[in-house]
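Trainee: Can you look at this prediction? I've put the sequence above it.
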Amino acid sequence: MLLENGQTTEGTNLAVGSIGATAGTETQLFVTWGQLLVTSPSDHGSAHVAAALTGIDIGRVAATERVLDQVVQRTITFPAALESLHAIRSRPPVSVMRLSVMAGLGAAALALIFGASDVLTLVLVALSACLGGFLRRGVSHLNNNPFLQPFAASALAGVIASVCMAWDLPIASRLLAVCPCMVLVPGPHVLNGSMDLVRVRILLGIARLAFASLVVLAICTGLLLGLAMGGATLEPGGPTPVVPFVYDVCAAGVAVAAYGAFFNLPWRMLFLPIGIGMMAHALRWTLLLSGFSVQSGALAACLLVGILVSPLAYRLRIPFGALAFASVVSMMPGVYLFQAASQAIALAGPHPSDVTALSLLQNGITAFLIVGAMTVGLIVPKLVMDQVMKHLRPAGNRADAGAM
């Protein structure tokens, strides 16, 4: 229940240990991609459980943690807890209307952050992402392959962008193509995988990062294929124009709210990551205006988010990765990734050029450095918080069972 909905390995391990202690036995958790092994050395018992580590649902994680608290506090019996967990598992995912509408608003907010200045571009971006949300949910009823949904939604975004280019509409066609795809990027899996690597869970961390990379590959493939179906290509972009401070910060808040909706964050908790995300973007905007690089601005903003979200994740018992990524989603270098993918295709064509190769290298390195800076900025405060909580908590205390 925890791992399948976005909890990290460390947080789940703490939960398993607490439940084992309540039951009067020592427990150990071993996680591989697709399977968990829970052992009890004192009782010489073990159990294998299948687990698909591909989902993110903050609401389910928070509800599960509340049930575990009741078990540890002995206010609920084990059979009653199992019944409650079955009820949580059967909860429907976020509604298709909320998913689609917030996808549209989030994509439009990202377009505004990246320099879209006309209403028509913002409306078309929102419409494309909204239709992509409906398509993703429809595809999920036909096939549960985790790569098919982002592929279909990104392909639709490419088709819509290519049609608008063919009609020669006065829009920012590059943003129309990439912004609906940016809301599909699997950031929480990148953070969870990175934390597994730092904690020397090498194989699991590599598996998580490989899954996230394959999702990004599906998004890039779908976008480029959709553009090609209309005879279009992804236009090279120039420097991102400076967006007014108020527009930038408010749009960041909308993007955070959108990702909170994707992750099924309860409405009562949504204002917290929105506020944190807006503060982080205000810091980043100020640093960029002062001459800092994009990478430095992302690192500083993500450090702020990591410092604020780490104790909040403990307090609310919700996944750190999902909450942190929702707060910084607007800083993801999706534009660089998609541009690099387009240039890689161009290099494989009949007329490759040194300029294209150099641009591919620049975009790829820039995207890698931004993702690296964001990851370091987010997980370092979390790791420090984990160590502090280990020294502060009494043995057997569930106060940190939501640790990520």
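Mentor: Structure received. Numbering: from 1, shown residues only.

Trainee: For the stretch 1-150 of the chain, which segments count as strands?
Mentor: Here the stretch 1-150 of the chain has its strands, by DSSP state E, counting those that start in this stretch, at 28-32, 35-40, 45-50.

Trainee: Now do the first one against strand 45-50, angle only.
Mentor: What that stands for is strand 28-32. 30 degrees (axes from the mean of the first three to the mean of the last three CA atoms, to 10 degrees).

Trainee: Looking at residue 364 now. What's its pLDDT?
Mentor: We note a pLDDT of 88 for residue 364 in this prediction.

Trainee: in stretch 96-115, what counts as buried?
Mentor: 98-115 (16 or more other CB atoms under 10 Å). All C-beta atoms are positioned from the backbone trio N, CA, C, and that covers glycine.

Trainee: and if you look at stretch 122-132?
Mentor: If you call a residue buried by 16+ other CB under 10 Å, then stretch 122-132 has these buried ones: 122, 124, 125, 126, 127, 128, 129, 130, 131, 132.

Trainee: quick one: which of the residues you listed is nearest residue 157?
Mentor: Proximity of the buried residues of stretch 122-132 to residue 157 was ranked by CB to CB; the top entry is residue 128 with 5.0 Å.

Trainee: Verify the stated contact: that closest one with residue 156.
Mentor: Yes - judged on CB atoms under 8 Å, residue 128 makes contact with residue 156 at a distance of 7.1 Å.

Trainee: Give me the common contacts of the two.
Mentor: With contacts taken as CB atoms under 8 Å, 6 or more residues apart in numbering, residue 128 and residue 156 have residue 180 as neighbours in common.

Trainee: Might you report the residue contacts of residue 6?
Mentor: Neighbouring residues of residue 6 by CB under 8 Å, 6+ apart: 55, 56, 57, 58, 61, 188, 192, 263, 319, 321, 322.

Trainee: which element is the last one on?
Mentor: Looking back up the chat, that one is residue 322. Remark: residue 322 resides in helix 320-328, with elements defined by DSSP states H and E.

Trainee: Can you list the helices and strands that that helix packs against?
Mentor: Other elements packing on helix 320-328 under the criterion 3 or more CB pairs under 8 Å, 6 or more residues apart in numbering; DSSP states H and E are helix 187-198, helix 245-262, helix 271-289, helix 294-316, helix 354-392.

Trainee: Of those, which stretch is the most buried?
Mentor: Comparing the helices and strands packed on helix 320-328 by mean neighbour count (mean count of other CB atoms under 10 Å), helix 187-198 ranks first with a mean of 24.

Trainee: what helices or strands is that helix leaning on?
Mentor: Under the contact criterion of 3+ CB pairs under 8 Å, 6+ apart, helix 187-198 touches helix 9-22, helix 202-229, helix 320-328, helix 354-392.

Trainee: let's see it at 6 Å
Mentor: Contact analysis of helix 187-198 by 3 or more CB pairs under 6 Å, 6 or more residues apart in numbering; DSSP states H and E lists helix 202-229, helix 320-328, helix 354-392 as its packing neighbours.

Trainee: So what touches the second one?
Mentor: Residues from elsewhere that reach helix 320-328 (CB atoms under 6 Å, 6 or more residues apart in numbering): 6, 56, 58, 187-188, 191-192, 256, 259-260, 263, 273, 276-277, 302, 305, 309, 313, 378, 382, 404.

Trainee: For that helix, give the mean pLDDT please.
Mentor: Helix 320-328 comes out with an average pLDDT of 82.

Trainee: Now the element after it, going C-ward?
Mentor: With secondary structure assigned by DSSP H and E, helix 320-328 is succeeded by helix 334-347.

Trainee: can you give me the angle that following helix makes with helix 294-316?
Mentor: Between the axis of helix 334-347 and that of helix 294-316 there is an angle of 130 degrees, by the same axes, to 10 degrees.

Trainee: buried residues in helix 334-347?
Mentor: Buried residues in helix 334-347, counting neighbours by 16+ other CB under 10 Å, are found at 334-346.

Trainee: hang on, the earlier thing: now, which of the buried residues of stretch 122-132 lie within helices?
Mentor: Residues from the buried residues of stretch 122-132 lying in helices, with DSSP state H as the criterion: 122, 124, 125, 126, 127, 128, 129, 130, 131, 132.
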